[in-house]
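**Q** Here is a sequence with its predicted model. Questions after.
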Amino acid sequence: MEPEDHALFQPAFDPGEDFRIAGQPAIRAPSRSARCRRLTCASRDMRSRWSFPRWWPRGFFPGSSSSFCGQDGPGRPESFRSWGSSSPGSTEGGGPTWGRRRLTVMEAEMTERDDAEMSPMPEPLRGVRGGMAGRRMLPELLSLVVREGVLEKFRALPVFGFDELCGALHREPVYDLSRGNRRRMIRLLIDLFVECGWLEPAGTGDRWSCRRDGILRPGEVPAGTGGSDGQVDFFRRCLRIAPGYLRGKEAPIAFDAENARAWEEFLGCDEFQACRSILLDRMASTTGVSASLLDLCHGPGWGIERAMERWPEARITAIDFTDAFAESAKCRAERARARNLARRRPSPPVEWFGSSDWKGFGHPLPFPEGAFGAVLFSCGDPYIRPDARDAVYADLRRVLAPGGTLGILTRGYPDPERRHVPSYWLRVTALIHDFSESVCTGWHGFRDVAENQEMFTRLGFRGGWNPEGAMNIVDSSLWILKKG
C-alpha cells in the first residue's frame, strides 16, 4: 500500500514548494509501541509540538492536544524546513523522501519501521482523505473563473474593494448580485484566491490586488487527483449551473424528487460516510450507546443506516422537512434492520416524521423536552438561516436529555488566523464546497468556527470530544457537544 493511503490531516509540503502546507501527507499509522511518541516540526523562527493521531481501540482522537484534534491546540508554524532529495528513501539533500514528494520534518524524523510493525488504520478512517475534493476541483473552478472573465476583472483592477468588484461584474459578465447569496459567492472567490496566493490584501480594510495570472504551475495541484466520487460529481454539476445562477436564474437544485438521486450520491460519498462513523463511535465512547437517537434531516438515510449498524438496540427517530428521500431512507433502514436480525442483534423499527410534522429550521421540533439521549445532525447546518441559528440549536438542546450528546457533521469557514481550520487543502475544499453548493435552494454557507463556539457555550453546550472539552476535530468539521 502506498503511503498516501494512510494520510490524515497533518502538515505537509506540496511538490516543488518549500513552505506550502497541505492537508494530507503520507504518514503511516504508528505501532502501539510508538503511539504516544511526540515529534517536532521545525520552522524558520519557531518550533511547535505535534502529536500522532491515536489509533488504538479506545476511540478516535481522544484527548490529543494537537491542533488538528481540537480548537485549543497550538498554533501552526508559518513555514517548515524543506527536505530536498528526490530519490526514494534517500537522506541526501537534507532528508529522506517518498517518491518525488518532499517529506515534512515530522515524517523525516519518524523511526523507520518494517511493515509488520505498522498497525492498520481503523476502517472508518479510510474514507477520510483530507481535502481530496478540493484537490480535484480547484483546476475546474479556476477554469470556470477564467471562462467567465472574473479573473480578467481581478487583473484589470490594480487595487479593488468588494463593492467595486461586484459593480464591475454586474456590468460584465452581467451578474445579478442583488438577490440571495450571489454576492457571498463573489466573496468566496476572493477568499479562495487569497488562500491560493492569486490575490493579496492591499493595505488595511477589505481591499485586494491581483498578483498571479491564474495559470496553475507545476506542483500546485498534486498528481493523482483525477477520478471522482459522489461529492466531486455533485460539485461539478453545481459549477456547470453557477454561471446562470450568478446571472439571476433561480437555484435549480432543491430537496425534491427530481434531484433526489444527486443528493443521495453526494451525501453518501466516502468522506461523509466515514465522518458519520467517527461521530457515532465517539458519541458512544463518550457517554455509552444511547437508548434513543434522533437523526435530524435524515435525507436518503445514510446516517440511519450507520446508526443502526453501530447502535443496533437504540430507538431511532428520523425527521426531515422534505418527503423526497423518505422511500430510500426507509429502504436503507429496513436493510440495516434485516442485517442486524441475521446477526441476532434485533433492532426496533425506526419512527418516522416528515414534512407534515415539521416545516423545517425555524419551527420547533415536534418532540417533548429531554426526549433523546443523542442527536445526529449531518450536512444540514449550512441550511439554517443566520438569524435562526440560536433558536434552532436551543431547540435541539431542549429535546436532548440531561448529559445528552449532539454530533454535527459540517465544515468550518477558513479563519484568517488558521487556528480553527489550519490545513491548506481542507481550507481550499471548504471554500470550493461553499461556492458550489450555493446554487442549491436554501444554502446559507459554512459558519465561522469561533462564532459557533461562542453560540454553543452561550446556549449551554460543552465540548465532548475529550476530557479537556474540545468541541471539534478535523479542522472543525466534526463536532461533539454535550448538554451542560
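**A** Looks like it arrived, so ask away. Residues are numbered from 1 along each chain as shown.

**Q** buried ones in stretch 283-300?
**A** For stretch 283-300, burial by neighbour count (16 or more other C-beta atoms under 10 Å) applies to 283-284, 286, 289-290, 292-300. C-beta coordinates here come from the backbone N, C-alpha and C atoms, glycine included.

**Q** Please dump those into TSV; it should also carry pLDDT for every row.
**A** Output for the buried residues of stretch 283-300, formatted as TSV (pLDDT from 0 to 100):
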residue	pLDDT
283	89
284	87
286	74
289	71
290	75
292	94
293	96
294	97
295	98
296	98
297	98
298	98
299	97
300	98
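
**Q** In helices, which of these fall?
**A** Mapping the buried residues of stretch 283-300 onto helices (DSSP state H) picks out 283, 284, 286.

**Q** follow-up on the earlier one: which among the buried residues of stretch 283-300 gets closest to residue 262?
**A** Of all those, residue 262 sits closest to residue 300, with 10.5 Å by C-beta to C-beta.

**Q** OK, contacts around the closest residue to the closest one other than its chain neighbours?
**A** Spatial nearest neighbour of residue 300, chain neighbours left out: residue 264 (4.2 Å); criterion: C-beta to C-beta, 6 or more residues apart in numbering. Going by C-beta atoms under 8 Å, 6 or more residues apart in numbering, residue 264 touches 299, 300, 325, 328.

**Q** Turn those residues into TSV, columns for distance to residue 186.
**A** Putting these into TSV (distance: C-beta to C-beta, whole Å) gives the following:
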residue	distance to residue 186
299	29
300	32
325	32
328	35
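
**Q** of the residues you listed, closest to residue 194?
**A** Taking C-beta to C-beta as the measure, residue 194 sits nearest to residue 299 out of the contacts of residue 264, at 33.0 Å.

**Q** That closest one and residue 265 touch, don't they?
**A** No: counting by C-beta atoms under 8 Å, residue 299 does not reach residue 265; the two are 11.5 Å apart.

**Q** Domain ranges for the protein, per the record?
**A** According to automatic domain parsing, the chain comprises the domains 1-121, 134-246, 262-410+446-483.

**Q** Run a quick neighbour tally on residue 302.
**A** Using other C-beta atoms under 10 Å, residue 302 has 23 other residues around it.

**Q** Can you check the pLDDT for the nearest residue to it once chain neighbours are set aside?
**A** Spatial nearest neighbour of residue 302, excluding adjacent residues (C-beta to C-beta, 6+ apart): residue 268 at 4.9 Å. Note on residue 268: pLDDT of 96.

**Q** got the contact list for residue 268?
**A** Applying C-beta under 8 Å, 6+ apart, we find residue 268 in contact with 230, 300, 302.

**Q** Against residue 276, how distant is the last one?
**A** Note on residue 302: its distance to residue 276, by C-beta to C-beta, to the nearest Å, is 7 Å.

**Q** list the residues that contact both of those two?
**A** Shared contacts of residue 302 and residue 276, defined by C-beta under 8 Å, 6+ apart, are found at residue 378.

**Q** Double-check residue 384 against residue 390; I have them as touching.
**A** No: at 9.9 Å, residue 384 does not count as touching residue 390 under the criterion of C-beta under 8 Å.

**Q** ok, which stretches of the stretch 301-450 of the chain are helices?
**A** 302-310, 326-342, 389-399, 424-437, 449-459 (DSSP state H, counting those that start in this stretch).

**Q** Residue 260 contacts residue 300, correct?
**A** Yes: taking contacts as C-beta under 8 Å, residue 260 lies within contact range of residue 300: 7.4 Å.

**Q** just for the stretch 151-300 of the chain, where's the confidence low?
**A** Along the stretch 151-300 of the chain, the model assigns pLDDT under 70 to residues 212-228, 287.

**Q** hmm, try it at 50
**A** The stretch 151-300 of the chain contains residues with pLDDT under 50 at 216-219, 222-224.

**Q** again, but for the stretch 351-484 of the chain
**A** Using pLDDT under 50, the stretch 351-484 of the chain has no residue that qualifies.

**Q** Which stretches in it count as strands?
**A** 351-353, 372-378, 400-409, 412-413, 447-448, 461-463, 472-473, 478-483 (DSSP state E, counting those that start in this stretch).

**Q** between these, which gets nearest to residue 211?
**A** strand 412-413 (23.2 Å).

**Q** on contacts alone, who are the packing partners of the closest one?
**A** Here strand 412-413 touches helix 424-437, strand 447-448, helix 449-459, going by 3 or more C-beta pairs under 8 Å, 6 or more residues apart in numbering; DSSP states H and E.

**Q** Repeat the analysis, applying 6 Å as the threshold.
**A** Helices and strands in packing contact with strand 412-413 are not found; criterion 3 or more C-beta pairs under 6 Å, 6 or more residues apart in numbering; DSSP states H and E.

**Q** ok, that strand: who's next to it in the sheet?
**A** Partners of strand 412-413 in the sheet, by DSSP bridges, are strand 447-448 (parallel).
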